[in-house]
Every structure is written in C-alpha cells, then in structure tokens.
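K.L.:
Mind folding the following:
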Amino acid sequence: MESEEIVPSAVQEADVLIVRTRTRINEQLLAGTKVQLVCTATIGFDHIDTDYCEAHHIRWMSCPGCNAQAVCDYIEEALNTISHFPFSIFHSSPTIGIVGVGHVGSLVAKMAERHGLNVLLNDPPKGIGKSIDEIARNSDIITFHVPLDKSTYHMCDEAFLSMCKPDALIINAARGGVVDEKALFRSGHPYILDTWENEPDINPDVLAHAQLASMHIAGYSIEGKRNASQMCLDEIAETFNLKPIDISKYRYLDLSTSRDLEVPKEKGDSAPGWISRITSQLKAHPTAFEALRKAYPLRAR
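P.N.:
Sure thing, here's the model as predicted:
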C-alpha cells in the first residue's frame, strides 16, 4: 500500500503494521484498531507517536543500523564529488566534525580516517568527543547523524552557524528538522542536503543553493532494505511466538514486475557521479520530490 492508503479503515483488523517514514503512526490512525505491533523499516522513528503507543500497550520498533552503511556510502560519494569544486575546505587534511556517533556516525568516522581527514566527534549522550561549540569552531566539514527529537531540533541554527568557519561545509543526511534551513540559507555556508524540513514540500530557494541535494534516499540500498525487512520479521516472530523467517534465502523481487531486483554496480545510481545526477534531477523538478523518491532505483555496494 502507498502511505496515503494506510488510513484507519484500512488497518482496522490488522495485528501488525510495517511502515516507513511517510506513514504517520498516531492516535488518528490507531484508535479503535486491533494493532498490537508497529514496525518501521527505518532507522528514524519520529513519524511514530511513541507516547501514544506505549500508553495503549502497542509495541513499536525501528531498525537502527539497518542502512547505516548506505548512508556512510552517501557521505563518501558526496565528499568525493564536492572535492572537485573550488572550496578551500579541501586543503590538506581537512577536519570533519561528526555530530552523532551511533551506527552511521561511527562508520562515517572510519571512512573519513581512511581518507586522511582529521576527525572530531560529538555525542554527549554517549559521553563521546568534543562539545558542539568545539565542533563548530574547528571543523571544515560538519555532518549530522542524530535522531530528530526535542534535543536535536534545529541544533544547527543561526547561533551554531555563526561559530563555524565561514566556508565550513554543512551536511545533513539525518532528519530535516536537525538543521534550521532558513538560517543555513542565510549563512552563506556551502551545504549538502538529503533530508529536508517539510518534506516533500521542500524550500525551492534552499534547494537551488545546495551544492548537492537529494530526496531523502541516502539510506536507500538493497542491503539496507533487506536488513530492515529481516529486523521487522524477527520482531514479529518474537512478539507473536512464531517461527523465525530467514529472508536471505529468498529472491528479492520487484513487486510491480515479479522480476528479480538487481542493481549492478555499473548501472543506475550505483554508477560514479550518482549524487550529481540526482542533484540535477531534483533541481530541475523541485516539486517532484516524492515522485523522484518513489522512482529511485536502489543502490548496491
């Protein structure tokens, strides 16, 4: 079902919902249904009213780490792409500040070290790294990998940006609300955005001035989808005391054609320069954000 088809009348008799970020899970959808478990096949879960679920004894789960490698690959491709642009951040051994050192941030740190970047980490809940002010003042590149909640909403705001180096590159492939896009736009900093405020109705001015831009697909890979599917099925098996299902032995199908879904590295958006290609598509058709996202071919490593 498309996300807009997941309405109260469609889920009345459901025991389980398996969704992604476009489906809002709240009282309006769940009240009066038989739903006992909500699984989101995504890292983030800000689309789920967890307080409502917990108050009504509805279990919920997300899939932390399922597409972490895909997001790391996105950051790596973005940096490889933008390094050809005339920005002084790519002097010898630039410093990258990584805000959020969970599944994604830790992989980004290893990738950056492998490329010879100096790495600064910030993750106060884990007791890791520098303060957010130190990240701002000392980084040439700053990339955010945090969930969206009250503590991270607009953490990259006017005050934060005013502390940054004038040409510091800002990257957000976490959640749109982590960055105050209007403040970012006014700041004059170069930036790369995969996640946006008010998706899919993104700000055309913010899009136009992005060095690279995409439609919330950083984590879209075959491996990520498989991992999330397996994690959801494991949770369902545990919740309902069912025999676990190992999907690794099954074919991965495109349901619209019933054909095996394969994305060779030399085709689609696995080919070199894929972020530049997406950027051109999105800038040419800014109102087609959702259509481009739905049509996006999964990447394979």
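K.L.:
So for stretch 187-197, mean pLDDT?
P.N.:
Stretch 187-197 shows a mean pLDDT of 97.
K.L.:
Which pLDDT value goes with residue 263?
P.N.:
49.
K.L.:
in the stretch 151-300 of the chain, which spans are helices?
P.N.:
Counting by DSSP state H, counting those that start in this stretch, one finds helices in the stretch 151-300 of the chain at the ranges 158-163, 181-187, 204-208, 222-239, 274-284, 289-295.
K.L.:
Arrange those helices in a markdown table, one row each, with distance to residue 73 and mean neighbour count as further columns.
P.N.:
Using the backbone N, CA and C atoms, a C-beta is placed for each residue, glycine as well. Listed next are those as a markdown table, based on distance: least, CB to CB, whole Å; neighbours: other CB atoms under 10 Å:
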| stretch | distance to residue 73 | mean neighbour count |
| --- | --- | --- |
| helix 158-163 | 26 | 16 |
| helix 181-187 | 24 | 18 |
| helix 204-208 | 22 | 14 |
| helix 222-239 | 10 | 18 |
| helix 274-284 | 10 | 16 |
| helix 289-295 | 18 | 15 |
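K.L.:
CSV please, covering these and showing distance to residue 104.
P.N.:
Compiled in CSV, these are given as follows (distance: least, CB to CB, whole Å):
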stretch, distance to residue 104
helix 158-163, 20
helix 181-187, 20
helix 204-208, 23
helix 222-239, 11
helix 274-284, 17
helix 289-295, 19
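K.L.:
Would you mind measuring from the spatially closest residue to residue 204 that is not a sequence neighbour to residue 219?
P.N.:
Closest residue to residue 204 apart from its sequence neighbours, by CB to CB, 6 or more residues apart in numbering: residue 286 at 4.9 Å. Applying CB to CB, to the nearest Å, the value for residue 286 to residue 219 is 22 Å.
K.L.:
now do residue 190
P.N.:
Distance from residue 190 to residue 219, counting by CB to CB: 23 Å.
K.L.:
Look at these two and report which has more neighbours.
P.N.:
Neighbour totals were compared for residue 190 and residue 219, and residue 219 leads with 25 against 20 (other CB atoms under 10 Å).
K.L.:
roughly how far apart are that one and residue 299?
P.N.:
On the measure of CB to CB, residue 219 and residue 299 end up 10 Å apart.
K.L.:
Show me the common contact partners of the two, please.
P.N.:
Listed as contacting both residue 219 and residue 299 by CB atoms under 8 Å, 6 or more residues apart in numbering are residue 70.
K.L.:
hmm, back to that, relative to residue 173, which of the helices of the stretch 151-300 of the chain is closest?
P.N.:
Within the helices of the stretch 151-300 of the chain, the stretch nearest residue 173 is helix 274-284; the backing value is 10.8 Å (CB to CB).
K.L.:
Domains in the chain, by residue range?
P.N.:
With automatic domain parsing as the criterion, the domains of the chain are listed as 3-66+222-254, 69-219+279-295.
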